[in-house]
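Novice: One predicted model, sequence on top.
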Amino acid sequence: MNRARSSTPAVSTPRRLRALAAFPFVLTLVGYLTLLAVWDDRIPDTLATHFSGGGRADGFTGRTAFAAISVALLIGLGTGWTALVRRAALWGAWATAGFAGTLLVLLVRDNLDAVDPARVDFPLTNLALGAAVSALCALAGWALTRLVPAGDGADAPEGEPDAPRLTLGASEVAGWTRATTSRPLTVLAALTLVAVPVGLVLAPWPGALLALLGLVVGVPGLALARVRVTVDRRGVTVRPSFVSRPRVRVPLDEVAGASVRELDTAAVLADYGGWGYRVRAGRTGVVLHSGEALVVRRDNGREFAVTVRDARTAAALLNTLAERRGKV
């Protein structure tokens with residue numbers, strides 16, 4: 001029997017969450033560009049953009065390059081947070097926007113009317129001010145979290161019938177684990193990490209930014225490229241193969257049922273919007289490739305999926321363990 005579906009658009013809550021994550025970056029970018037326009041005739045042709053431990057300038061960038069890089073930085077951070085934000089981490093998006101925006105504005109301010117950029121100072125109080133603004137923005141983001149319901153209320157699509165149960169004795173204990181890998185993501189992450197040493201040998205400002213981007217993109221990418229999926233008495237756990245954190249876990253007492261679904265390329269794009277760690281209306285997933293996926297239905301109506309081989313065994317074991325707890 002088909003379930004009745006709500007007439008409310010399923011994507012309303014994810015759109016609201018992404019809008020709340022993007023808003024501080026849009027606000028910061030507009031304010032930053034406005035200040036650049038107001039200070040245009042006071043900004044020197046060369047700015048001090050890198051400083052030693054004592055706050056003395058030791059790296060310099062032309063005004064055009066600096067403007068382009070700083071704007072790209074804000075856009076890149078905003079895009080990343082908007083695409084990957086979780087409800088519980090909304091405060092992080094606001095904190096990041098506040099910290100990055102404050103430091104950029106203070107950096108430009110300290111360079112105003114500078115005849116010799118080598119004499120520009122960047123005092124440690126700037127970092128303290130940036131941290132203070134970041135904390136205030138984090139509080140604002142945390143307060144706005146209440147605008148996003150903990151369960152988005154979207155109707156998850158019907159899955160395949162629950163997998164068969166495994167036959168286990170009353171006192172018998174069982175577990176299942178398997179690693180799953182994305183070769184394209186592994187290659188991409190490795191190539192991105194190459195930017196780190198390359199950036200370190202370039203000029204301070206663009207080189208430091210390139211190295212930072214290499215770390216920010218490459219390290220998480222490499223961690224996500226090969227993950228280990230485990231089903232046991234605690235539920236379903238997905239974590240990087242080489243470290244124990246970060247991890248995604250669906251506790252056993254939140255499991256309403258498990259099934260197997262075949263995800264081809266079209267289904268991955270339509271249901272999850274692409275590969276990687278995905279957050280969509282009514283569902284989340286770790287989708288590293290096409291093929292078999294373990295799909296877990298939660299008590300709140302949402303579903304969690306992870307692409308992994310031998311998913312049918314995992315689903316069968318999970319249903320058995322959940323049935324023991326009276327959940328299925």
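Specialist: That came in fine, so what should we check first?
Novice: mind showing which ranges of the chain have poor pLDDT?
Specialist: 1-14, 150-164, 166, 168-171, 189, 191-222, 326-328 (pLDDT under 70).
Novice: number of nearby residues for residue 112?
Specialist: Residue 112 has 13 neighbours, counted by other C-beta atoms under 10 Å. Using the backbone N, CA and C atoms, a C-beta is placed for each residue, glycine as well.
Novice: Same check on the one 10 residues further on?
Specialist: Counted with other C-beta under 10 Å, residues neighbouring residue 122 total 21.
Novice: Residue 82 versus that one, what's the distance?
Specialist: According to C-beta to C-beta, to the nearest Å, residue 122 stands 29 Å off from residue 82.
Novice: Distance of the spatially most central residue of the chain relative to residue 318?
Specialist: Central residue of the chain (C-alpha atoms, centre = their mean): residue 84, 3.5 Å from the mean position. According to C-beta to C-beta, residue 84 and residue 318 sit 26 Å apart.
Novice: Now the phi/psi pair for residue 241, please.
Specialist: Phi and psi for residue 241, reported as degrees, to the nearest 10, are phi -60, psi -30.
Novice: isn't it right up against residue 226?
Specialist: Yes. The criterion here is C-beta atoms under 8 Å, and residue 241 meets it with residue 226 at 4.5 Å.
Novice: More neighbours: these two, which one.
Specialist: residue 226 (17 against 13).
Novice: So what sits opposite that one in the bridge?
Specialist: residue 181 (DSSP bridges).
Novice: Run a quick neighbour tally on the residue nearest to residue 24 when sequence neighbours are not counted.
Specialist: Distance criterion C-beta to C-beta, 6 or more residues apart in numbering; nearest residue to residue 24, sequence neighbours excluded, is residue 97 at 3.7 Å. A count of neighbours around residue 97, defined by other C-beta under 10 Å, yields 28.
Novice: Residue 97 is in what secondary structure piece?
Specialist: For residue 97, the host element (DSSP states H and E) is helix 90-111.
Novice: Return the set of buried residues in that helix.
Specialist: 90-108, 110-111 (16 or more other C-beta atoms under 10 Å).
Novice: cool, stretch 251-270 as well?
Specialist: Quick answer for stretch 251-270 (16+ other C-beta under 10 Å): 252, 254-261, 263, 268.
Novice: Tell me the one of those nearest residue 60?
Specialist: residue 268 (46.0 Å; C-beta to C-beta).
Novice: wait, isn't the closest one in contact with residue 285?
Specialist: No. With contact defined as C-beta under 8 Å, residue 268 and residue 285 do not form a contacting pair (9.0 Å).
Novice: so what's residue 133 up against?
Specialist: Neighbour list for residue 133: 98-99, 101-102 [criterion: C-beta atoms under 8 Å, 6 or more residues apart in numbering].
Novice: Can you give me the distance of it to residue 28?
Specialist: Separation of residue 133 from residue 28 (C-beta to C-beta): 10 Å.
Novice: Identify, by residue count, the longest helix of the protein.
Specialist: helix 12-38 (DSSP state H).
Novice: Tell me which other helices or strands that helix touches.
Specialist: helix 63-84, helix 90-111, helix 124-144 (3 or more C-beta pairs under 8 Å, 6 or more residues apart in numbering; DSSP states H and E).
Novice: Select, out of those, the one closest to residue 188.
Specialist: helix 63-84 (15.1 Å).
Novice: Not counting its own residues, what contacts the closest one?
Specialist: For helix 63-84, using C-beta under 8 Å, 6+ apart, the contacting residues are 18, 21-22, 25-26, 28-29, 32-33, 36, 43-47, 49, 61, 92-93, 96-97, 100-101, 104, 205-206, 209, 213, 216, 277, 279.
Novice: Then stretch 230-239?
Specialist: Contacts of stretch 230-239 (C-beta under 8 Å, 6+ apart): 173-177, 227-229, 245-255, 286, 294, 296, 304, 306, 314, 317-318, 321.
Novice: do that again at 7 Å, thanks
Specialist: 175-177, 227-229, 245, 247-252, 255, 286, 296, 306, 314, 317-318, 321 (C-beta atoms under 7 Å, 6 or more residues apart in numbering).
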